[in-house]
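K.L.:
Sequence unavailable; structure follows:
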């Protein structure tokens, strides 16, 4: 686990939206979200991936 510096912690506390972080070497972008948001999102995605829920997914409409 990486700990935030006091300056970073202050910036995080002031944010209302997810924070975008850039890896300086690769320029790859990461999104920092609170743990409870991650857990909720993960739970929703795991639930959606269950085969018994396949009937909830609509097939694309045929072209007319």
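P.N.:
Noted; the coordinates are in hand. Nothing here was measured: the structure is a model prediction, and the numbers come from that model. Residues are numbered from 1 along each chain as shown.

K.L.:
C-alpha from now on. contacts and neighbour counts both.
P.N.:
Will do.

K.L.:
how about the helices of this protein, start to end?
P.N.:
Per DSSP state H, the chain carries helices over the ranges 6-14, 35-48.

K.L.:
looking at these, which has the lowest confidence?
P.N.:
Across the helices of the chain, helix 35-48 has the smallest mean pLDDT, namely a mean of 84.

K.L.:
who are the neighbours of that one, in terms of helices and strands?
P.N.:
Under the contact definition 3 or more C-alpha pairs under 8 Å, 6 or more residues apart in numbering; DSSP states H and E, helix 35-48 sits against no other helix or strand.

K.L.:
what about that helix, distance to the chain center?
P.N.:
On the basis of C-alpha atoms, centre = their mean, to the nearest Å, helix 35-48 sits 9 Å off its chain's mean C-alpha point.

K.L.:
How about stretch 38-49?
P.N.:
Centroid displacement of stretch 38-49 relative to its chain, using C-alpha atoms, centre = their mean, is 10 Å.

K.L.:
Give the buried residues for it.
P.N.:
Neighbour-count burial for stretch 38-49 flags no residue at all (criterion: 16 or more other C-alpha atoms under 10 Å).

K.L.:
what do you get for stretch 11-31?
P.N.:
By 16+ other C-alpha under 10 Å, the buried positions in stretch 11-31 come out as residue 12.
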